[in-house]
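*Asks:* how would this look folded up:
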Amino acid sequence: MSGSPALVMRLVASAYTVAEKAGAIARKVLHSGELGIVEKTGANDLQTLADRLAQQSICASLYRKFPKLTIIGEEDLPAEEVQEDLIETGQSEEILQKSCPAEYSELKEEELVVWVDPLDGTKEFTEGLLDNVTVLIGIAHRGRAIAGVINQPFYNYQLGAGATLGRTMWGMPGLGAFGFQLKEVPDGRRIVATTRSHSNKLVTDCVNAMEPHEVIRVGGAGNKIIQLVEGKASAYVFASPGCKKWDTCAPEAVLVAVGGRLTDMHGNAYRYDADVKHMNSAGVLATLRNHEYYVSRVPQSVLQGLKSD
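*Replies:* This is a model prediction of the structure:
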């Protein structure tokens, strides 16, 4: 490879190691038994010590290398000095060796927006449903998700003592997705992944309208996208506000990198500019294939109940 890697590749290479550090922080907090749980807006909207420390680690680490970035994190944390042991300075050599897609090769720090969910699936984390938990770092340019890193801190935890915990996947449209084996649900079978803890009539009506052969209820937006790309679900359907841009930016980039789509329930793309509102007000519909079919099945009552931004 000639010359220095493009800035965006260096940023993704850093985000990869930073996400792994955040995953290690989540494991350490869980192992300590002191989760430090606080309710933000209610029992379904929790924050733990892992959320707080992981976000501090991610933001401080990325700012140290890329001071002109715009970083938007889920947790509203006070400005304070971050402990040095939370800083991750490494970069993934494997990513640095990849060729940057031409359209991203000249991007500058100040043009990029990074969306961070330090612990997606916090409620599941507190309940011991650890395979639902992910760390999400999404990178956007001109409103589009152009790269995403998803770390699963507790991948393999059900194998018990001695298992190597955690894995990290990443993707960039135009380059591909890495860290997992892409699989698809067999043709003709519709398996819908939806929320396990934020359901209501609109959500249920929309899921039923898809005429699924099976419905799986799992936590975490990152986890639901993993269900899609690993062939455990054919659609992620969430006909409700509640999901935020930091939940969907990284997963969308990974999904699009393997040919999938993520939109609102009307079939419109979400934007990830720095000044957009954080809520995905018109729900989330994500698929690996046949997106138009799922959009066409969304009931009128859902479309009227969820106005597109």
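*Asks:* okay, now residue 286: neighbour count?
*Replies:* 26 (other Cβ atoms under 10 Å). The C-beta positions use only the backbone N, C-alpha and C, and glycine is treated the same way.
*Asks:* that one pairs with what?
*Replies:* Here residue 286 sits in beta bridges with residue 236, residue 262, as judged by DSSP bridges.
*Asks:* residue contacts, it?
*Replies:* Applying Cβ atoms under 8 Å, 6 or more residues apart in numbering, we find residue 286 in contact with 224, 225, 228, 235, 236, 251, 252, 255, 260, 261, 262, 263.
*Asks:* apply 7 Å and report the result again.
*Replies:* Applying Cβ atoms under 7 Å, 6 or more residues apart in numbering to residue 286 gives the contacts 225, 228, 235, 236, 255, 260, 261, 262.
*Asks:* mean confidence (pLDDT) on stretch 144-152, please.
*Replies:* When pLDDT is averaged along stretch 144-152, the result is 98.
*Asks:* who's in contact with it?
*Replies:* 8, 12, 15-16, 19-20, 22-23, 104, 134-140, 166-173, 222, 249-254, 256, 272.
*Asks:* so which of the contacts of residue 286 is surrounded by the most neighbours?
*Replies:* With neighbours taken as other Cβ under 10 Å, the top of the contacts of residue 286 is residue 225, carrying 32 neighbours.
*Asks:* go ahead and confirm that one touches residue 254.
*Replies:* Yes: the pair residue 225 and residue 254 passes the contact test of Cβ atoms under 7 Å, sitting 6.4 Å apart.
*Asks:* show me where this structure has its helices.
*Replies:* Along the chain, counting by DSSP state H, helices occupy 7-32, 49-65, 93-96, 122-127, 201-209, 221-229, 245-257, 291-297, 300-305.
*Asks:* redo the ones you listed as CSV? Include mean pLDDT and distance to residue 157.
*Replies:* CSV is the format used below for the helices of the chain (pLDDT from 0 to 100; distance: least, Cβ to Cβ, whole Å):
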stretch, mean pLDDT, distance to residue 157
helix 7-32, 96, 9
helix 49-65, 94, 15
helix 93-96, 98, 24
helix 122-127, 90, 12
helix 201-209, 92, 28
helix 221-229, 97, 13
helix 245-257, 98, 21
helix 291-297, 97, 32
helix 300-305, 93, 36
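*Asks:* indicate which one of the ones you listed is closest to residue 276.
*Replies:* Smallest distance to residue 276 across those (Cβ to Cβ): 6.6 Å, for helix 245-257.
*Asks:* surely residue 248 and residue 282 touch.
*Replies:* No: look at residue 248 against residue 282 with Cβ under 7 Å: they stay out of range, at 11.9 Å.
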